[in-house]
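K.L.:
model the structure of this input:
(chains A, B and C)
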Amino acid sequence: MTFDVSSQGFTDVIDITQQIREAATRRKVADGVAHVFVEGSTAALSTIEFEPGAVRDLREALERIAPMDSQYHHNEAWGDGNGYAHLRAALMKPSLSIPISAGKLRLGTWQQVILLDFDNRPRRRTVHVQVTATV
Amino acid sequence: MTFDVSSQGFTDVIDITQQIREAATRRKVADGVAHVFVEGSTAALSTIEFEPGAVRDLREALERIAPMDSQYHHNEAWGDGNGYAHLRAALMKPSLSIPISAGKLRLGTWQQVILLDFDNRPRRRTVHVQVTATV
Amino acid sequence: MTFDVSSQGFTDVIDITQQIREAATRRKVADGVAHVFVEGSTAALSTIEFEPGAVRDLREALERIAPMDSQYHHNEAWGDGNGYAHLRAALMKPSLSIPISAGKLRLGTWQQVILLDFDNRPRRRTVHVQVTATV
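P.N.:
Sure thing, here's the model as predicted:
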């Protein structure tokens, strides 16, 4: 199944744990995997302890690794100014697979699933959650 | 299934979307996941808008993060000069999982699957595509 | 299934290939995928040629990308001093999917699976291995 997420862009970091958990448990799979994927070339997925400090540290690190106002070849060709966003997305990648056992999503207690939207404008993002069963 | 890709190495970035799409749809799975993996410790997978500017930005960023001509402990021990390649591969990781729904691979319109070959010589790479069905 | 790994923290890099291989092959799946996941917001998974030089290069690169003694907002709020660990874990991500074909885990010859424990104290980590079969 899929769900949509509204984002402000500019490395907006959004906790999508609850949507993943609902999608994962709706299938009544005792033992399996929830495969999560965000469509698009300027967004990514990861996990983090979702508290403001850690999220801010991640945003600042990505700004050091791929600064918004650097010169990017993508911008020269396309003029859309989101070269940093394409770079961050390629480095962070759009997929994540989370185990399900005894019918529960097995994240750590302080481990939340995040969508990172790097684009330079608000976006509506499509997230896929596919549940497969173990053998 | 697997397919082979010929690469020039030196952070060669190759669009493998078409091969993944063919492998994924050949299985006639309506709803599932295509799991992609590249064998080897000097290659990785990601997604990107596959146009020359964005690809060049990614290559330049990886050169900043793990420069080819830095001193690497791997090189001191093994003398093969590809320490940067091992580092880039470990940071970028070799696996990627892409959703299939209504029989189609659900990448964004501008989101292509890429193989990154970091090694310091031409290589022939083996890529695995395993399709699993959702429950 | 799950297994536990004892770690010293401080970016301890531990080869868990053998445990993954045993878990993957125990299921007698000819063709499938082993999905690996580490619980917690200060650990991650990747692959590397597991020799001391390459491992040291990776640890030094992570120290450049997210230095232990930088100022982190997470530390200001929580005082636990492991802000760098949260950042490294979010950048490296906790999941990895490895193909199984003809009953064997299809890693490259020099490609081992590693658990990275970034926390600033010894930890006991829970690793999940879920095996799914291809269609």
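
K.L.:
near chain B, which residues of chain A show up?
P.N.:
Contacts of chain A with chain B, taken as C-beta under 8 Å from any C-beta of the partner chain, map to A:2, A:27, A:29, A:32, A:35, A:37, A:39-41, A:65-66, A:72-78, A:83, A:86-87, A:89-91, A:93-95, A:97, A:128, A:130-133. From N, CA and C alone the C-beta is placed, and that goes for glycine too.

K.L.:
restrict the residues you listed to contacts with chain C.
P.N.:
The subset of those within reach of chain C, by C-beta under 8 Å from any C-beta, is A:Gly32, A:Ile65, A:Lys93, A:Ser97, A:Thr132, A:Ala133.

K.L.:
if I look at A:His74, how far off is chain C?
P.N.:
Going from A:His74 to chain C by C-beta to the nearest C-beta, to the nearest Å gives 22 Å.

K.L.:
elements contacting the host helix or strand of that residue?
P.N.:
Element membership of A:His74 [criterion: DSSP states H and E] is helix A:73-78. With contacts defined as 3 or more C-beta pairs under 8 Å, 6 or more residues apart in numbering or on different chains; DSSP states H and E, the packing partners of helix A:73-78 are helix A:83-92, helix B:52-65.

K.L.:
let me have those in TSV, extended by mean neighbour count and distance to A:Gln111.
P.N.:
Shown next, in TSV, are the helices and strands packed on helix A:73-78 (neighbours: other C-beta atoms under 10 Å in any protein chain shown; distance: least, C-beta to C-beta, whole Å):
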stretch	mean neighbour count	distance to A:Gln111
helix A:83-92	26	16
helix B:52-65	18	25
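
K.L.:
so which of those is nearest B:Gly108?
P.N.:
helix A:83-92 (10.0 Å; C-beta to C-beta).

K.L.:
can I get stretch A:81-95 in CSV, CA atoms only?
P.N.:
What follows is stretch A:81-95, C-alpha atoms only, in CSV (Å, rounded to 0.1, in the frame of the first residue of the first chain):
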residue,chain,number,x,y,z
GLY,A,81,18.4,25.2,-7.9
ASN,A,82,17.9,21.9,-6.2
GLY,A,83,21.2,20.2,-7.1
TYR,A,84,22.0,19.8,-3.4
ALA,A,85,18.7,17.9,-3.0
HIS,A,86,19.5,15.4,-5.7
LEU,A,87,23.0,14.9,-4.2
ARG,A,88,21.6,14.4,-0.6
ALA,A,89,19.0,11.9,-1.9
ALA,A,90,21.5,9.9,-3.9
LEU,A,91,23.8,9.7,-0.8
MET,A,92,21.0,8.8,1.6
LYS,A,93,19.0,6.4,-0.6
PRO,A,94,15.2,5.9,-0.8
SER,A,95,14.6,2.4,0.7
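
K.L.:
and it, how far from the chain's centre?
P.N.:
Centroid separation for stretch A:81-95 versus its chain: 11 Å, with C-alpha atoms, centre = their mean, to the nearest Å.

K.L.:
same deal with stretch A:56-65?
P.N.:
Distance, centroid of stretch A:56-65 to centroid of chain: 15 Å (C-alpha atoms, centre = their mean).

K.L.:
so for that stretch, mean pLDDT?
P.N.:
For stretch A:56-65, mean pLDDT is 98.
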